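Q: Turn this into a model:
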Amino acid sequence: MFDLSSLDPFAGYWSGESVVGPNPWTKSGPNLGRWGFRFDDARKNLIFDYEQSGPDGSGFDGHGVFCADPDSEDLCGFWFDDRGFPPFHPLRGQWSDNRLILLNTTPRGQGRWTLHIENGVLNYLIEGRLSAAETYSAVLSGQYHLT
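A: Below is the predicted model:
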């Protein structure tokens, strides 16, 4: 089973600059982003929230949960945001070269999340591959510092 204690370094509140790449759901460009990660009381789930604000006043909010799959070595993730798409299937992944990499498939295509902390900086990247696309492209990337 995935060791949730390996996610301890994420706990806390992070803020920094992000860039939204071209996508069909929201305006692309630079933004300010804020993450909050906390464990539930039983330390069975890492709960996280994200807020994003653009220079034009636009915003984006999302909420997620990471939990260990007791039947595999995978970390599972569920994501809910103000775009309203339900999480049909969990993100699934593991650590690879000090990076947490999670994948999922939805009716819109495939997604890949990559998170890692290096020199006290949380690096976050969401890539998407729409159903007809052959390669992934960046949907959101950012670097965040503990606040």
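
Q: Contacts for stretch 10-19 next, please.
A: With CB atoms under 8 Å, 6 or more residues apart in numbering as the test, stretch 10-19 has contacts from 28-39, 46, 48, 52, 115, 117, 121-122, 124, 138, 140-147. (Each C-beta comes from the backbone N, C-alpha and C, glycine too.)

Q: can you tell me how far the closest residue to Q52 other than its chain neighbours sits from H116?
A: Nearest-residue entry for Q52: F60, 4.2 Å, with adjacent residues in sequence omitted and distances by CB to CB, 6 or more residues apart in numbering. F60 is 22 Å from H116, where distance means CB to CB, to the nearest Å.

Q: in the sheet, who's paired with the residue positioned nearest the centre of the chain?
A: By CA atoms, centre = their mean, the chain has its centre lying nearest to W113, at 5.6 Å. When assigned by DSSP bridges, W113 has beta-bridge partners L102, I126.

Q: what's the average pLDDT for stretch 1-10?
A: The average of the pLDDT scores along stretch 1-10 is 97.

Q: do the same with stretch 49-60
A: 92.

Q: Look up the closest residue to W79, ignoring the ones flanking it.
A: Spatially, and ignoring its direct neighbours in sequence, W79 is nearest to G64 (4.5 Å; CB to CB, 6+ apart).

Q: from memory that neighbour sits against G77, does it?
A: Yes: if you go by CB atoms under 8 Å, G64 and G77 touch, sitting 5.9 Å apart.

Q: List the contacts of the residue nearest to W79.
A: 47-50, 77-80.

Q: Write the PyMOL selection for whichever of those are buried.
A: Buried residues within the contacts of G64, by 16 or more other CB atoms under 10 Å, are selected in PyMOL with:
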select buried, resi 48+50+77+78+79
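
Q: Sort out for me which of the contacts of G64 are in strands.
A: Of the contacts of G64, the ones assigned to strands by DSSP state E are 47-50, 77-80.
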